[in-house]
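Colleague: Just a sequence and a predicted model for now, questions to come.
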Number of protein chains: 4
Amino acid sequence: MIMKNLNVGLLGCGFMGRTHSNAHRRVSNFFDLELKPVLKAICDVNEEKAKAFANQWGYESIETDYRKLIERKDIDLIDICLPNNVHAEVAIAAAKAGKMIICEKPLAMNGKEAEKIVNAVEKAGVPNLISFNYRRFPAITLAKKLIDDGRLGRIFHYRAKFLQDWTISKSLPQGGDSLWRLDAKVAGSGVTGDLLAHCIDTAIWLNGNIEEVCAMTEIFVKERKHLITGKVEKVEIDDASLFLARFSNGSIATFEATRYARGHKALYTFEINGEEASIAWDLHDSHRLQYFDHRDESIVRGWRSIHVTDGDHPYMKHWWVPGLTIGYEHSFIHQLADFLEGISKGKPTRPTFKEGLITQYICDAVLNSAQTGKWVKVKKVK
Amino acid sequence: MIMKNLNVGLLGCGFMGRTHSNAHRRVSNFFDLELKPVLKAICDVNEEKAKAFANQWGYESIETDYRKLIERKDIDLIDICLPNNVHAEVAIAAAKAGKMIICEKPLAMNGKEAEKIVNAVEKAGVPNLISFNYRRFPAITLAKKLIDDGRLGRIFHYRAKFLQDWTISKSLPQGGDSLWRLDAKVAGSGVTGDLLAHCIDTAIWLNGNIEEVCAMTEIFVKERKHLITGKVEKVEIDDASLFLARFSNGSIATFEATRYARGHKALYTFEINGEEASIAWDLHDSHRLQYFDHRDESIVRGWRSIHVTDGDHPYMKHWWVPGLTIGYEHSFIHQLADFLEGISKGKPTRPTFKEGLITQYICDAVLNSAQTGKWVKVKKVK
Amino acid sequence: MIMKNLNVGLLGCGFMGRTHSNAHRRVSNFFDLELKPVLKAICDVNEEKAKAFANQWGYESIETDYRKLIERKDIDLIDICLPNNVHAEVAIAAAKAGKMIICEKPLAMNGKEAEKIVNAVEKAGVPNLISFNYRRFPAITLAKKLIDDGRLGRIFHYRAKFLQDWTISKSLPQGGDSLWRLDAKVAGSGVTGDLLAHCIDTAIWLNGNIEEVCAMTEIFVKERKHLITGKVEKVEIDDASLFLARFSNGSIATFEATRYARGHKALYTFEINGEEASIAWDLHDSHRLQYFDHRDESIVRGWRSIHVTDGDHPYMKHWWVPGLTIGYEHSFIHQLADFLEGISKGKPTRPTFKEGLITQYICDAVLNSAQTGKWVKVKKVK
Amino acid sequence: MIMKNLNVGLLGCGFMGRTHSNAHRRVSNFFDLELKPVLKAICDVNEEKAKAFANQWGYESIETDYRKLIERKDIDLIDICLPNNVHAEVAIAAAKAGKMIICEKPLAMNGKEAEKIVNAVEKAGVPNLISFNYRRFPAITLAKKLIDDGRLGRIFHYRAKFLQDWTISKSLPQGGDSLWRLDAKVAGSGVTGDLLAHCIDTAIWLNGNIEEVCAMTEIFVKERKHLITGKVEKVEIDDASLFLARFSNGSIATFEATRYARGHKALYTFEINGEEASIAWDLHDSHRLQYFDHRDESIVRGWRSIHVTDGDHPYMKHWWVPGLTIGYEHSFIHQLADFLEGISKGKPTRPTFKEGLITQYICDAVLNSAQTGKWVKVKKVK
């Protein structure tokens, strides 16, 4: 296959900047694609950081102003790995400049902002992808296939949680480069946008729309020192967020996210119970899918622990041999491979920004319900 | 130790009649107690059933009218293993007759009825025990000890679920001797009283009072043939019941029970996350307690799977040798042993009927919230 | 069903005396059998112990001399729960007296002694059962059924181990009532007869004869204080015993038993790998059978964790409801129920003493190989 | 840090060629090292293959004759990812040319050949590394640390197995590019060199030298079509290889490898039981280390499941955030990082070829014992 270069301009040198850079650098070694990403420019307001990052990852150039990056003719794709509060500004500018865009989740600070982004990319007609990378864990992609095959039958229950424990200490500060996720002005919300957004995106992909929610949130540690101001300030993000939900297909659900579940580093789990079969997954053992099929002969019925590492499992033929696992970072590579293939074929790759907006509306409904103590209907995307 | 006989009159030849009979027959072989239960009389409205049951379990006599049983001078303890709708009537009569009483859970059809029972036993001053047997699984008793020792620190989260899958088939009827749990007139509620009641009782024992709840319920199969009338009738019990809750200690919770979770026979699980440590348990592997202690040295920190079968684990010195498991039925034997010891010492054994009333109030609040769609404060027991 | 009493005379008040007494007392409550065991007499050389045991379990009488017990006309069944070194003497006497016999494993101190016992019962024509109770764990009985159904295809591998850790401390003494298992004169061997015997019995039941073995044994703590002599004496039992084996069906195997595997209380595990399917089991979670079926569709293939608690699983219809577990002691009840049914039907119940002899020959070969450092052919039972 | 290029010439475009190429390409993105590998040349006898591989991985040039590659002045490091039968020839030539060498395991066809390689590199004084990548799984590196810290106390037992199931089908051929592992002339042995070699290398690293072994091997499928000759030929590799062993530290062991264990793709497991603590690991869940510490307080003692994904776990600070897993390929990157650091510091990186020779001698002893049916002492490395 003849490869064509696709020049990437990436914004942000944090955790997500690394996962996306790694994906761009590796995707061509493992997937046969027409488009080959080239690490053209890294952009960060901090020039030193940008230089060091460019050096480590092999970016050809650096920028410190996102506008300059977007103006550059040699850039095809803008990849936004910045804090939530600047997604909208950058994404809208990139769309206007006719760039393809990948944006880290959540799409924006709230539904209103997200709508503007969606309007911008739809007007510009540029390929766009919201980075909900969990869809590309092979076990989750397999779950989607099993559901689409109709194996589960009528769905009764969905339950998801995302449990972490890294903010329990009261001496942990908030804000700044490293802890902006604890600063409501930068993050928009706490675990709702950071963790529940992942749970919700997977849920709507696997189980369809959510109609209404009833939520509660909690702030366990009420104030923390702010890394920028140096002062002890009120904590305004949600430390924990729990909700009940009804899906359009009649199934009912519990969702929970927290950073106060001692013993869990990043335990994202979900389970779906259908009339005929059930599925369960767990990020801590992400290479396994649990599957129960009631059609199995009764005396040998049991939950099957599928080690999702065979050549006929999603994405796995691109990697090693059966039994050998891949990890977290590979979900970004798969996502990028799918996006690049979509561009070649002229087809949108899911989840588009529009799907990101659906999740944003659900997050808004969750926060609204937590505040009002009432069930809230989720706004529909037009 | 010199043993004194304690004459038991048991009502009901169903599943619970068997578990309680087994406990009465076996407790003295394994526990050194002053009181030795004697299977004096079994009572069932169906004489044939009562006879067969007496024969199988070695009851000395049978009765078919509960009033006759209660009147008998040779009966010390009334053990109620009947459907929920007759608990109040029998328990109040037994209290008036000055009998000791064990009653299967839930205590009554609702809080009002339960209040009357509590008033009756308090007036009569008779020993009473509501059979929430899960408290006596060694792993759960161990959990209680770890919490009481203060090992968990401030509690942030509680989550419990009780998942079954035995009513998914639409052709399953409702009502009658075998399926009264599906008949709202006999059971009072569906999974709320049957399954959530267990989750709630454990929760208030381990984590204190619940202040308020927000719930949803669902009936997935709307009508079923009734075994007594022979007609297809509306299903009025809750097939699934989910709720969010706030505890008095500031922790927040999700609870869920259903009989539509394909793949789970009786999966009662709970998890508690504290500042310093967390605990998790699962009825399907009931001999294990999962324990995470953040004070462990960081590089060897991990969830510990405690095989609760050592001589210094609760109740286990009475059984076999380390590594050898006991099962479900043993929780009833432990409960009975504790109750008999309490009688000997003149001390109430928890959970008393009064604690059963607390759970009843919470169940009432759950059903109320599910109907109104609002947060509901739980009524306090005086 | 009309029940006939079967009078039991049991020898030995230790751990096994308790498990067998419990089985005799409970079997009729759960199984519909013609024969109902009656606890007629308990026999122990220590009169005080016998009295206390009789009191706790409800034996009608006591004996202190096994000959007297065997002479008694009111005794139908002799149940031998004594240390290994007296099995032969008692069993042969019981056979001569025409009694039915149950004997704890291993059958004898060695193959020669065991042959004499087998000859005695065959000459007398009395029902006899060697208590290899693991065959009656529902999960293992299910494994047997799956194998007999031919589901596994050609067998390639068998592997079993029995790991304990209770003798690691050097300060643990040997000998006497409580620690005769560490005294070679009483036990015959160490883990070979105590633990490997179980592994071997299950193996020959599930996978057929063993042709030859190559073994090694080890004594990690070379001397221990003897509880009877009060002196530090040489340890002569095997602390650990490992062997390779060839089965008649062409499959090959590893076996291992030890009391020095820190972290394992009684971890008996086995696994069988066949051309089409594999099976694995673990005593620490004895209610589960792991089953892998290669005929499952490839993308959803995985080890199935079968929770062996359904009504159509072996023995389980006699107990509670799906999802609720039973424990170690129940294997003895099942074994007794099968034996009693065999007597009623005039059919031998496996494993008979003759099968106990097969295991004894294999244990002999293991010890012989460990001593000689060579492969040893297993003597065949005629 | 200023990086210096290190020019790599890699031989072999198979599975191992891919894992090593990936390591060379990625190591600098994640580790701060003085030396930066540059993919200078790929060598394969098949020119088409070499070209395609160069294109996919970004090699600057290709070679089809290994001698030419070794002669090139612009190559610093020769990386041998070829079938076992050519390791010696290439490695010795590379050593003579003064190149640094990485060689895939096993080092050679047998001990004699391996000795020659060791002599060559020692004479040339070139850095050399045998690729036993499992040492660099973070969980195994952690195990090593725990053992070196003395946490386990005296070691009693070691047990390891490597179970696969990919050669069960009789219609699978042998030989050629894709199946040379089944051809004894190319592979030297079957699972002994392919799988047991890994188990042995880990074992001697964690638990010291093996003194003597007693083994058995089996060929389950006796003949297979050869891909090169097109004829059905005798299978001469070992399909399964099992052995008992004594370590120098007095501990005893079982080892087993097979490609006929239905249900296991690449289940490499090991367990070590010490007086104070035990450790267990499993390649199918390679990010977890199981750890049991007897010094834990008795009522909360249990196997700890350590999710080896924290920043203070070996190698993990170079990757993502706690809870997010890496996979199989990362072990090669870690190995390379250690090797590059060793070169910079002028220190040999373990395992050197000399350690590869130890494993080779043990494999020879295993095959010898299987043939003779006797215990065999392992030859010592001078």
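Modeller: Arrived safely. Residues are numbered from 1 along each chain as shown, chains lettered A, B, ... in the order given.
Colleague: Any residue of stretch A:197-214 touching chain B?
Modeller: Yes - if you take CB under 8 Å from any CB of the partner chain as the test, stretch A:197-214 does meet chain B, through A:Cys214. Any C-beta I mention is one placed from the backbone N, CA and C, and that applies to glycine too.
Colleague: buried ones in that stretch?
Modeller: For stretch A:197-214, the neighbour count (16 or more other CB atoms under 10 Å in any protein chain shown) marks A:197-208, A:210-214 as buried.
Colleague: Output the longest helix belonging to chain A.
Modeller: helix A:353-372 (DSSP state H).
Colleague: Show me what that helix packs onto, helices and strands only.
Modeller: When contacts are defined as 3 or more CB pairs under 8 Å, 6 or more residues apart in numbering or on different chains; DSSP states H and E, helix A:353-372 sits against strand A:100-104, helix A:111-124, strand A:128-131, helix A:197-207, strand A:210-218, strand A:240-247, strand A:376-377.
Colleague: Flag every buried residue along it.
Modeller: A:353-370.
Colleague: how near is A:Phe137 to A:Asp293?
Modeller: According to CB to CB, to the nearest Å, A:Phe137 and A:Asp293 sit 21 Å apart.
Colleague: my bad, should have said A:Ala253
Modeller: In terms of CB to CB, A:Ala253 sits 22 Å off from A:Asp293.
Colleague: so where's chain A shaky on pLDDT?
Modeller: For chain A, the stretches flagged by pLDDT under 70 are A:1-2.
Colleague: Tell me the secondary structure at the closest residue to A:Trp205 other than its chain neighbours.
Modeller: Nearest residue to A:Trp205, sequence neighbours excluded (CB to CB, 6 or more residues apart in numbering or on different chains): A:Arg135, at 5.9 Å. Per DSSP: H, G, I helix; E, B strand; the rest coil, the local secondary structure of A:Arg135 is helix.
Colleague: okay, now the nearest residue to A:Ser251 once chain neighbours are set aside: neighbour count?
Modeller: Nearest residue to A:Ser251, sequence neighbours excluded (CB to CB, 6+ apart): A:Ile155, at 4.2 Å. A:Ile155 has 23 neighbouring residues, counting by other CB atoms under 10 Å in any protein chain shown.
Colleague: Look up how far chain D lies from the residue lying closest to A:Ile80 once chain neighbours are set aside.
Modeller: Leaving aside its sequence neighbours, A:Ile80 sits nearest to A:Cys103 (CB to CB, 6+ apart; 4.4 Å). As judged by CB to the nearest CB, to the nearest Å, A:Cys103 and chain D stand 20 Å apart.
Colleague: residues contacting A:Cys103?
Modeller: By CB atoms under 8 Å, 6 or more residues apart in numbering or on different chains, A:Cys103 lies in contact with A:80, A:87, A:91, A:117, A:128-131, A:353, A:356.
Colleague: and the nearest residue to A:Phe132 once chain neighbours are set aside, what does it touch?
Modeller: Spatial nearest neighbour of A:Phe132, excluding adjacent residues (CB to CB, 6+ apart): A:Asp201 at 4.1 Å. Neighbouring residues of A:Asp201 by CB under 8 Å, 6+ apart: A:105, A:132, A:134-135, A:351, A:355-356, A:359.
Colleague: distance of A:Asp201 from chain D?
Modeller: From A:Asp201 to chain D the distance is 18 Å (CB to the nearest CB).
Colleague: Quickly note the distance from that residue to A:Ala215.
Modeller: Distance from A:Asp201 to A:Ala215, by CB to CB: 17 Å.
Colleague: right, and the residue nearest to A:Ser251 touches A:Ile252 too?
Modeller: No - look at A:Ile155 against A:Ile252 with CB atoms under 8 Å: they stay out of range, at 9.6 Å.
Colleague: Quick check: neighbours shared by these two?
Modeller: If you check A:Ile155 and A:Ile252 against CB under 8 Å, 6+ apart, no residue is contacted by both.
Colleague: wouldn't A:Glu355 be in contact with A:Asn128 here?
Modeller: No - in this structure, A:Glu355 is not within contact of A:Asn128 by CB under 8 Å, at 10.2 Å.
Colleague: how deep is A:Leu195 tucked in, by neighbour count?
Modeller: A:Leu195: 25 neighbours (other CB under 10 Å).
Colleague: now do A:Glu47
Modeller: A:Glu47, neighbours per other CB under 10 Å, totals 11.
Colleague: Just read off the phi/psi values of it.
Modeller: With angles defined as degrees, to the nearest 10, A:Glu47 sits at phi -60, psi -40.
Colleague: Not counting sequence-adjacent ones, nearest residue to it?
Modeller: Nearest to A:Glu47 is A:Thr64, by CB to CB, 6+ apart, at 5.2 Å.
Colleague: residues in contact with that neighbour?
Modeller: A:43-47, A:50.
Colleague: Let's have these in CSV, adding distance to A:Ser305 and secondary structure.
Modeller: Below are those laid out as CSV (distance: CB to CB, whole Å; DSSP: H, G, I helix; E, B strand; the rest coil):
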residue, distance to A:Ser305, secondary structure
A:Cys43, 44, strand
A:Asp44, 43, coil
A:Val45, 47, coil
A:Asn46, 45, coil
A:Glu47, 49, helix
A:Ala50, 44, helix
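Colleague: out of these, who has the most neighbours?
Modeller: A:Cys43 (31 neighbours).
Colleague: So it versus A:Arg181, what's the distance?
Modeller: 21 Å.
Colleague: Ok, A:Phe220 next?
Modeller: 15 Å.
Colleague: same thing with A:Leu77?
Modeller: Counting by CB to CB, the gap from A:Leu77 to A:Arg181 is 25 Å.
Colleague: Looking at these two, which one has more neighbours?
Modeller: Shown here are A:Leu77 and A:Arg181; by other CB under 10 Å, A:Leu77 has more neighbours (26 against 22).
Colleague: and the residue lying farthest from the centre of chain A, helix, strand or coil?
Modeller: Distance from the centre of chain A peaks at A:Ile299, with 40.1 Å (CA atoms, centre = their mean). Three-state assignment for A:Ile299 (three-state DSSP): helix.
Colleague: All set, thanks.
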